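1. no letters, just coordinates:
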Ligand SMILES: [Zn+2]
């Protein structure tokens with residue numbers, strides 16, 4: 001149950017987050033942001049800083 005593990009990790013030990021890699025395709029960076037379900041990526045749950053910004057920008061564009 002990965003989602004439960006992630007939520008528990010965030011609430012408790014932040015260091016454990018380093019074990020998660022960005023769910024963006026072919027991205028080797030560490031995941032630092034929980035994004036839940038992202039339509040563009042379908043099943044992504046966590047991404048790195050770089051792709052977190054990309055997702056935020058896309059959401060702003062979609063809302064505009
Ligand atoms: Zn990434």
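-> Alright, I've got the coordinates. From a predicted model like this one, the values you see are computed outputs, not experimental measurements.
2. tell me the strands in the chain, going along the chain?
-> 33-34, 46-47 (DSSP state E).
3. what packs against the first one?
-> It stands for strand 33-34. If you count contacts as 3 or more C-beta pairs under 8 Å, 6 or more residues apart in numbering; DSSP states H and E, strand 33-34 packs onto helix 2-11, strand 46-47. Placement of C-beta: from N, CA and C, glycine included.
4. confidence-wise, which of these is weakest overall?
-> The minimum mean pLDDT among those belongs to helix 2-11 (a mean of 53).
5. for residue 47, see how far away residue 58 is.
-> Distance, residue 58 to residue 47, using C-beta to C-beta, to the nearest Å: 12 Å.
6. those two: who's more crowded?
-> When residue 58 and residue 47 are compared for neighbours, residue 47 comes out ahead with 26 against 13, by other C-beta atoms under 10 Å.
7. need the residues of this structure near the ion, please.
-> 22, 24, 27, 29, 48, 51 (C-beta under 5 Å from the ion).
8. can you pull out the helices in this structure?
-> With DSSP state H, the ranges of helices along the chain come out as 2-11, 49-63.
9. got the buried residues for the last one?
-> By that I understand helix 49-63. Within helix 49-63, the residues scored as buried using 16 or more other C-beta atoms under 10 Å are 51, 52, 55.
10. list just the nearest of these to the ion.
-> Minimum distance to the ion across those is 3.6 Å, recorded for residue 51 (C-beta to the ion).
11. so the closest one makes contact with residue 24?
-> Yes - with contacts counted by C-beta atoms under 8 Å, residue 51 reaches residue 24, the gap being 4.4 Å.
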